[in-house]
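In: Sequence first, predicted coordinates after that:
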Amino acid sequence: MENVVLIIHLILALCLIGIVLLQRSEGGGLGMGSSGGGAGGGVMSGRSAASALAKLTWVFGIAFVITSLTLTIIAAEKSAGSSVLDRIGVQAPVEEETAPTLPAGDLLPPASSDAPLIPPRAD
C-alpha cells in the first residue's frame, strides 16, 4: 500500500511541476499559448487555457497534499510502539552498574578541625 501511494505521490509531483512550468507568468511569460496577432484563436482562448491550467494546478496540488498526509500516517502507523533498535533486531546493552556514589562527607564544607591553619599575623 505504501509503495502504491508513493508512486502516485511521485507522479503527482512531476505533473505539478509540468503544469506550473506550462503556465504563463503574470507578465505574459514567453508568449506560449497566445494567438499570434489575432489569427486563429482556436477552440480555447488564452484566458480559458490559463484558467484550465490554474484549475488543474489546484487539483494536482490538493492531491499532492493528500498523498503527503497519507504517507505520513502510514509511516507513523508502521513505527508506532517500536524503536530503531527494535527494527534492526539489536537490543540495547543493559548496564547493571550504577554510578559510583560519593561519601556524604565529601559534599559538606570542611569542619573546624579540618580547616587549614592560618598563621597569625606579625604586626
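Out: In hand now; what should we look at? Numbers count the residues shown, from 1 in each chain.

In: Skipping adjacent residues, who's closest to Val20 in space?
Out: Nearest residue to Val20 in three dimensions, chain neighbours excluded: Thr57, at 6.4 Å (C-beta to C-beta, 6 or more residues apart in numbering). Every residue, glycine included, has its C-beta placed from N, CA and C.

In: Can you report how many residues neighbour that neighbour?
Out: 16 (other C-beta atoms under 10 Å).

In: do the same with the one 4 residues further on
Out: Using other C-beta under 10 Å, the number of residues around Gly61 comes to 14.

In: try Leu16
Out: Neighbour number of Leu16 under other C-beta under 10 Å is 17.

In: Same question for the helix or strand harbouring it: list its buried residues.
Out: In this structure, Leu16 sits in helix 2-22 according to DSSP states H and E. Going by neighbour count (16 or more other C-beta atoms under 10 Å), the buried part of helix 2-22 is 5, 8-9, 12, 15-16, 19.

In: Kindly indicate which of the residues you listed lies nearest Ser79.
Out: Nearest to Ser79 among the buried residues of helix 2-22 is Val5, at 16.1 Å by C-beta to C-beta.

In: Please name the nearest non-neighbouring residue to the closest one.
Out: Thr70 (5.3 Å).

In: can you count the residues close to that neighbour?
Out: Thr70 has 16 neighbours, counted by other C-beta under 10 Å.

In: Tell me how far it lies from His9.
Out: Counting by C-beta to C-beta, to the nearest Å, the gap from Thr70 to His9 is 8 Å.

In: about what we covered before: show me what the helix holding Leu16 is packed against.
Out: helix 46-79 (3 or more C-beta pairs under 8 Å, 6 or more residues apart in numbering; DSSP states H and E).

In: Low-confidence regions, the chain specifically.
Out: 26-50, 84, 86-87, 89-117, 119-120, 123 (pLDDT under 70).

In: before we move on, the earlier item: spit out the contact partners of the residue nearest to Val20.
Out: Applying C-beta atoms under 8 Å, 6 or more residues apart in numbering to Thr57 gives the contacts 16, 19-20, 23.
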